[in-house]
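> Have a look at this prediction, sequence included:
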Amino acid sequence: MLPALLCRLGVHKWKNYGERVMVVWREPGFLPGTKVNKKKYVFSKRSCLRCGVTEEKQFSETIDGQLEITGCVRIEASDK
């Protein structure tokens, strides 16, 4: 009862898996007008341990040739 309610409210318990991808983004720096490059390794897919919903992250290439995350797309059970 409780896990189903939490997933309906959008509070999933995610397990990340799939291909490891390094994403790069820019954040404002300590001084006004400066930017700081941030890098992080992320997995390309994730699955909820409670309800079984699976999502795949969508990546796009920036002008610099780096990857950034643009969103997530649900994968239906028939597409797995």
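Okay, I see it. Residues are numbered from 1 along each chain as shown.
> close enough to count as contact, K40 and V21?
No. With contacts counted by CB atoms under 8 Å, K40 stays clear of V21, the gap being 9.6 Å. Every residue, glycine included, has its C-beta placed from N, CA and C.
> neighbour-wise, which of those two wins?
Higher neighbour count among K40 and V21: V21, with 14 against 10, using other CB atoms under 10 Å.
> Restricting to C-alpha, output the helix or strand containing the more buried one in PDB.
Using DSSP states H and E, the element containing V21 is strand 14-28. Provided in PDB are the C-alpha atoms of strand 14-28 (Å, rounded to 0.1, in the frame of the first residue of the first chain):
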ATOM      1  CA  TRP A  14      15.800   4.500  -8.200                       C
ATOM      2  CA  LYS A  15      18.500   1.900  -9.100                       C
ATOM      3  CA  ASN A  16      20.900   3.200 -11.800                       C
ATOM      4  CA  TYR A  17      22.300   0.900 -14.400                       C
ATOM      5  CA  GLY A  18      23.400   0.800 -18.000                       C
ATOM      6  CA  GLU A  19      26.200   2.600 -19.800                       C
ATOM      7  CA  ARG A  20      28.400   5.000 -17.800                       C
ATOM      8  CA  VAL A  21      28.500   8.500 -19.500                       C
ATOM      9  CA  MET A  22      30.400  11.600 -18.400                       C
ATOM     10  CA  VAL A  23      28.300  14.700 -18.500                       C
ATOM     11  CA  VAL A  24      29.600  18.300 -18.300                       C
ATOM     12  CA  TRP A  25      27.800  21.500 -17.400                       C
ATOM     13  CA  ARG A  26      28.600  25.000 -16.300                       C
ATOM     14  CA  GLU A  27      27.500  26.700 -13.100                       C
ATOM     15  CA  PRO A  28      28.000  30.200 -11.800                       C
END
